[in-house]
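Trainee: structure of the sequence below:
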Amino acid sequence: MIKRFWNWLLGKTTIDERVEEVVEDVVEVVKETKRRAKRVKEEAADVVDAVKEVGKQAKDVADAAKGNKRKGRRPASKKKPVTKKKTSEK
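Mentor: Numbers count the residues shown, from 1 in each chain. This next block holds a predicted model:
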């Protein structure tokens with residue numbers, strides 16, 4: 001009912017084209033703002049995850065400074081390259 005009244009009122013005025021243009025601009029701005037807010041939220045979640053990982057790593061460094069052994073998977077051992085033996089001359 002309010003919408004019908006508003007449309008009737010706009011029909012009686014001479015500035016209704018201007019109002020429609022402003023409304024379209026506002027709708028575009030709202031869409032852009034929502035899109036940006038969504039991206040900021042995603043990036044903030046990524047930052048939170050990164051900070052948590054840094055906290056875990058800092059704890060590991062503190063444990064290493066205390067002399068505690070490393071926990072978790074061990075790094076793969078590096079294999080020494082195979083060297084050819086010199087053959088003696090006969």
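Trainee: where in the chain is pLDDT low?
Mentor: Residue ranges of the chain with pLDDT under 70: 13-18, 73, 75, 81-82, 85, 88-90.
Trainee: which SSE is the residue nearest the centre of the chain in?
Mentor: What sits nearest the mean C-alpha location of the chain, by C-alpha atoms, centre = their mean, is residue 43, with 2.9 Å. Assigned by DSSP states H and E, residue 43 falls within helix 16-66.
Trainee: quick one: secondary structure of residue 80?
Mentor: Secondary structure of residue 80, reduced to three states by DSSP: H, G, I helix; E, B strand; the rest coil: coil.
Trainee: what's the burial count for it?
Mentor: Residue 80: 6 surrounding residues under other C-beta atoms under 10 Å. All C-beta atoms are positioned from the backbone trio N, CA, C, and that covers glycine.
Trainee: how much space between it and residue 35?
Mentor: 55 Å (C-beta to C-beta, to the nearest Å).
Trainee: equivalent analysis for residue 25, please.
Mentor: 16 Å.
Trainee: likewise residue 19?
Mentor: Residue 19 is 25 Å from residue 35, by C-beta to C-beta.
Trainee: check residue 27 too.
Mentor: Counting by C-beta to C-beta - residue 27 and residue 35 are separated by 13 Å.
Trainee: which residues touch residue 35?
Mentor: By C-beta atoms under 8 Å, 6 or more residues apart in numbering, the contact set of residue 35 is empty.
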